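J.: what's the 3D shape of this:
(chains A and B)
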Amino acid sequence: MQPFNILIIVCLTYVVALFLIAFVADRRAKRGQLGWLRSPLVYTLSLSIYCTAWTFYGAVGYAARSGLEFLTIYLGPTLVMVGWWWILRKLVRIGRSQRITSIADLISSRYGKSNLLGVIVTLMAVIGTTPYIALQLQSVTLSFAVFAQGTSGGTTGGDWGASDLNAAALWVAAGLALFTVLFGTRNLDANERHYGVVTAIAAEAVIKLFALIAVGVFVVWGIADGAGDILARIDASPIADWDMKPGRWVSLTFLSAVAFLTLPRMFQVMVVENVDERHLATASWAFPLYLFLMSLFVVPIAVVGLDLLPQGSNPDLFVLTVPLSQGRDGLAIFSFLGGFSSATSMVIIAAIALSTMVSNHIVMPIWLSVAQQGATVSGDVRQVVLTARRISIALVLALGYAYFRVSGGGAALAAIGLISFVGVAQFLPALLGGIFWRGATKIGAAAGLLTGFVLWAYTLFLPSFGSSFILPASVLADGLFGIGWLRPQGLFGVSGLDPLVHALFWSLALNTVAFCVGSLSSFPKPQERLQGAQFVNVFDHNPNSQGWFSGAAEAEDLLVMAQRILGPKQAQDLFSRAAEQQGKAGFLPDISQDFLQRLERELAGSVGAATGHAMIGQIVGGASVSVGDLMAVADETAQMMEYSSQLEAKSAELGRTARQLREVNEKLTDLSVQKDAFLSQISHELRTPMTSIRAFSEILRDGGMSGNERERYATIIHDETLRLTRLLDNLLDLSVLENGQVELDMQQANLQDVIERSVMRAGINDRLSIRRDPAREKLALFTDPDRLSQVFINLIVNARKYCAADAPELRIEVRDQVDRIEVDFIDNGAGIPTKSQPVIFEKFSRLGDHRAAGGAGLGLAISREIMNNLGGSITYLPGQRGAAFRVSLPIDPTVVSDVNQS
Amino acid sequence: MNERREPLFLERESYRQRRTIDAARLLPVLGFLALCLPILWGNSGETDSARVTSVGVIYLFGVWIILIGIALVLARRLRRIDADQGKPG
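T.: Model (predicted):
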């Protein structure tokens, strides 16, 4: 049998096997027998759709043309995977917690569930990916052609004409569409993984890896003489003359790293199809290893191909032609299957990713706005979505095929891989800004995306069609409108750059600038800020922080809608579970915030965040988030801190109050004790004179005594009444002073005179010596000298009475402060114990048991009241060894009059 | 004695975890620098260029496999850390 016929049979068998694998995997998943379906190995292998046919065939060609530069395409993703803790971990977490369905959904959801952004990203992704799909179709048809050419005189053999190639491409496209529709649109919920597809992809990953390694091993140990020989051949081959271009090296490493993050199909397998975040840890080293193995034999194959095959043969197909030229048809067929796998797996995933985006961000919004009653009409929306998705898949593949036909499959197509990379790289600022910067806004993202997209199209995409297509040659040479600064490959007069590096630099740079400026100068809506906080702080927040104002919504309406999107069974399950959690029976839970959030998340998993949000919005009505809600949830941490500092302040305040209360209580207790003591004392004070008055007046009444005696008794009675009167006078005086009813006789006075008079009137005997500095006492005052003197006398008398020193001494020190005069009375006695200091100025306060002193404990209280009335103060001055009192007097007379009036 | 050692051990453990995360963040940066080295080869002269290509192949693949090895070690530790952090509370 001819190799070509064998190829057809093998190919068909392989396709059938793939269908079977996908079918079995789906069946197992449906039965819940996940097992190895959700192992990190499958996840890692599914990532290998990064290695498309462009890699499988193209890497060798790339190496033959540009030496080691091809490695950059694999080193970039290696760095991203190795640095997974930076970005991928966050992306996957966000993807899972927000039930993201595609990269368009991520960006739309981050920026306030904006459908505008969803549409922009979707269109950009479609435009960027379509040529790439065309490239896959081309590689498959080219590889078919290789076998057809290699077969002489076969039934289908001979040189393939263009029509045969086109027919092959059409068949491949149709077959892929069928497969993708069958296994990619089984369920609506993107978060219910496509186990069948992913498993088939993983199987294909194994095939392509082994195919390339098999060819490599054959080349190294079959044709060449082992590793050493290969290294020698490398140095001897034309590849050794490759020209290292530093700019391209760094740019391409960066570009491939970026594309690895932003390619819709990579996002699909990496984030959307991820079943377990921990798989990422394994993939962080396993996927670079996969890339390593894929690249290991590229250079040897290229070297040997250049060596063995005639000049001018296409190096892109060395992987096939080298084994064929050595008569290894089996190996060649295996290799062909590898290339076929690479192409099909990429196309399948890309079609799924794009169709999800198109149906969620373009078809559904249109359908929602066209359908009159919106989300509440009856009928199965699921069918609409699924149909939209299926048509989208067919459309994407049709576009790819059309592109393949239009571009003619020429050399232009070979370069499309990198062009496509630069196109999707435009998502980067919006993506990274969205997950790391809370200040990024919708306006900024849209501005950045559009700027980047336009520049990419102008500087790279349109020129790639050649000078005749769309962009006329004159524009390419002289710039738009003949302005040299607008030359597509030399913007702003910068020329001499590699066109790709040039386009990458300008598009991404201006994209980033537009993104930042747009974000900085616009103000986000509450919904945006809320989403921003959730995305950026995905590791801190628990996922429940979206707000819906419930009330208008009826559980039944929601159920009707949910049934049509999630399917009756899933929706009813969801509702009854929620009802059960709320402690209710039946299918209709209370419409709580919590429930609405969960429902929206479920819907978002099926139709995307923006559409899900819009559907709930139609039923619930009104704005979903208020600024108040936003403040309540977005700044949870700040709020917690504020709250705790508030608590702290409150507890400090409480502590202060408690301390004050305690002090007051102590004072009150002391006062109460004093009052009791005073009452007993005053009754005693009153009784003693009363008793003698009564006794002596009885004696006088009885008569029968000498005149001398009578006089003596009458004098005693008189003295005792005087004593009583004095006591009562004091009490009266105090009460007058306290009520502020006293009349002061304010006049100019000299402090020295006042002190002089006080010392004299205090009746100092020899026991107490008084030390003064008369020179400093010469100060003019405006005060009531009699009252002031009363205070001084009281202090001097106290010192005389209570100072217990052997040689009692009282110092009177006068100090002239700026706004007041201070007069200190300091004796050399024992002083007043700290415990008693707070109460000495209280009424009836008498310290210790100085009964002998004979006062009623009103002196200091009266002094204080007098000083208050004079606008000054009297305080106890602790720490002077003896008892010390400071009288301070105001200099400014207005203060005095103020106090007087009040 | 044992009671006193335990908190010390825990502290050291979480310190190690944080440094492991630092290492994971550092790795791609170091990798990028190492992989950018070839751009300095450009001007090595034509006579050397032949020799450089095979050396370059060995160098690049060597750096690559070392990166993979370090990533493997880090991934095992990080997965444990992630699991620890994932626990509620």
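J.: any idea how far A:Asp670 is from the residue of the stretch 801-902 of chain A found nearest chain B?
T.: Closest approach between the stretch 801-902 of chain A and chain B, counting by CB to the nearest CB: A:Thr834, at 44.2 Å. Using the backbone N, CA and C atoms, a C-beta is placed for each residue, glycine as well. In this view, A:Thr834 and A:Asp670 are 13 Å apart by CB to CB, to the nearest Å.
J.: more neighbours, these two?
T.: Using other CB atoms under 10 Å in any protein chain shown, the more surrounded residue of A:Thr834 and A:Asp670 is A:Asp670, with 16 against 8.
J.: grab the nearest non-local neighbour of that one.
T.: In space, and not counting its chain neighbours, A:Asp670 is closest to A:Val839: 5.2 Å by CB to CB, 6 or more residues apart in numbering or on different chains.
J.: list the residues that contact A:Phe340.
T.: A:Cys11, A:Tyr14, A:Val140, A:Ser143 (CB atoms under 8 Å, 6 or more residues apart in numbering or on different chains).
J.: give the buried residues for the helix or strand where the last one lies.
T.: Pointing back at A:Ser143 there. For A:Ser143, the enclosing helix or strand under DSSP states H and E is helix A:115-150. If you call a residue buried by 16 or more other CB atoms under 10 Å in any protein chain shown, then helix A:115-150 has these buried ones: A:115-148, A:150.
J.: circling back to that earlier point, let's see the pLDDT reported for the residue of the stretch 801-902 of chain A closest to chain B.
T.: The score at A:Thr834 is 78. That number is its pLDDT.
J.: residues in contact with it?
T.: Listed by CB under 8 Å, 6+ apart, the contact set of A:Thr834 reads A:Pro878.
J.: A:Ala415 too?
T.: Going by CB under 8 Å, 6+ apart, A:Ala415 touches A:Ser464.
J.: quick check: it vs chain B, distance?
T.: According to CB to the nearest CB, to the nearest Å, A:Ala415 and chain B sit 22 Å apart.
J.: helix or strand for residue 60, which one?
T.: Picking chain A for this. helix A:58-66.
J.: not quite, I wanted chain B
T.: In the assignment (DSSP H and E), B:Leu60 maps to helix B:46-86.
J.: which helices and strands does that helix pack with?
T.: Here helix B:46-86 touches helix A:72-82, helix A:226-236, helix A:279-296, helix B:2-36, going by 3 or more CB pairs under 8 Å, 6 or more residues apart in numbering or on different chains; DSSP states H and E.
J.: any idea which residue of chain B lies closest to chain A?
T.: Residue nearest to chain A within chain B: B:Pro28 (3.0 Å; CB to the nearest CB).
J.: excluding covalently adjacent residues, which one is nearest to that residue?
T.: The nearest residue in space to B:Pro28 (CB to CB, 6+ apart) is A:Gly83, at 3.0 Å.
J.: where does the one you found fall, phi/psi-wise?
T.: phi -100, psi 40 (degrees, to the nearest 10).
J.: now for it, how many residues are close by?
T.: Neighbours around A:Gly83, by other CB under 10 Å: 22.
J.: and for B:Gly69?
T.: Other residues lying near B:Gly69 total 12 when counted by other CB under 10 Å.
J.: ditto for A:Val275
T.: Residue neighbour count, defined by other CB under 10 Å, stands at 18 for A:Val275.
J.: what kind of secondary structure is it in?
T.: coil (DSSP: H, G, I helix; E, B strand; the rest coil).
J.: my guess is it contacts A:Arg193. True?
T.: Yes - using CB atoms under 8 Å, A:Val275 is in contact with A:Arg193, at 5.8 Å.
J.: quickly list what's touching both of the two.
T.: Shared contacts of A:Val275 and A:Arg193 (CB under 8 Å, 6+ apart): A:Arg38.
J.: and for the closest residue to chain B within the stretch 301-450 of chain A, the neighbour number?
T.: When scored by CB to the nearest CB, the stretch 301-450 of chain A has A:Val303 as its residue closest to chain B, at 9.9 Å. A total of 29 residues lie near A:Val303 under the criterion other CB under 10 Å.
J.: from what I can see it touches A:Trp242, true?
T.: No - judged on CB under 8 Å, A:Val303 makes no contact with A:Trp242 at a distance of 11.6 Å.
J.: tell me which residues are up against the helix or strand just after the helix holding A:Ser143.
T.: Downstream of helix A:115-150, the next assigned helix or strand under DSSP H and E is helix A:162-184. Helix A:162-184 is contacted by residues A:15, A:18-19, A:22-23, A:26, A:137-138, A:140-142, A:144-145, A:148, A:160, A:194, A:196-197, A:200, A:343-344, A:347-348, A:351-352, A:355, A:389-390, A:393-394, A:397-398, A:400-401, A:404-405, A:409 when judged by CB under 8 Å, 6+ apart.
J.: what subset of those residues is buried?
T.: Burial by neighbour count, 16+ other CB under 10 Å: within these this picks out A:15, A:18-19, A:22, A:26, A:137-138, A:140-142, A:144-145, A:148, A:160, A:194, A:196-197, A:200, A:343-344, A:347-348, A:351-352, A:355, A:389-390, A:393-394, A:397-398, A:400-401, A:404-405, A:409.
J.: for A:Arg815, grab phi and psi.
T.: As for A:Arg815, its main-chain torsions (degrees, to the nearest 10) stand at phi -130, psi 140.
J.: now it: closest residue in space that isn't a chain neighbour?
T.: A:Arg815 sits nearest to A:Glu822 (CB to CB, 6+ apart), 4.6 Å away.
J.: so for the host helix or strand of that neighbour, what gets flagged as buried?
T.: In the assignment (DSSP H and E), A:Glu822 maps to strand A:820-827. Neighbour-count burial for strand A:820-827, counted by 16+ other CB under 10 Å, picks out A:Arg820, A:Ile821, A:Glu822, A:Val823, A:Asp824, A:Phe825, A:Ile826, A:Asp827.
J.: strand partners (parallel or antiparallel) of it?
T.: strand A:809-816 (antiparallel), strand A:884-890 (antiparallel) (DSSP bridges).
J.: A:Val536 is nearest to which of these?
T.: Closest of the strands paired with strand A:820-827 to A:Val536 is strand A:884-890, at 61.7 Å (criterion: CB to CB).
J.: give me every residue in the stretch 651-800 of chain A lying close to chain B.
T.: Contact residues, the stretch 651-800 of chain A versus chain B (CB under 8 Å from any CB of the partner chain): none.
J.: by proximity to chain B, which residue of the stretch 651-800 of chain A wins?
T.: Closest point on the stretch 651-800 of chain A to chain B, by CB to the nearest CB, is A:Ser651, at 25.7 Å.
J.: roughly how far does that residue sit from A:Ser644?
T.: Noted for A:Ser651: a distance of 10 Å to A:Ser644, by CB to CB.
J.: do the same with A:Asn115
T.: Here A:Asn115 is placed at a distance of 40 Å from A:Ser644 (CB to CB).
J.: helix or strand next in line after the helix or strand where A:Ser369 lies, which one?
T.: Using DSSP H and E, the element containing A:Ser369 is helix A:364-370. Proceeding N to C from helix A:364-370, the next assigned helix or strand is helix A:381-407, under DSSP H and E.
J.: okay then, goodbye and thanks.
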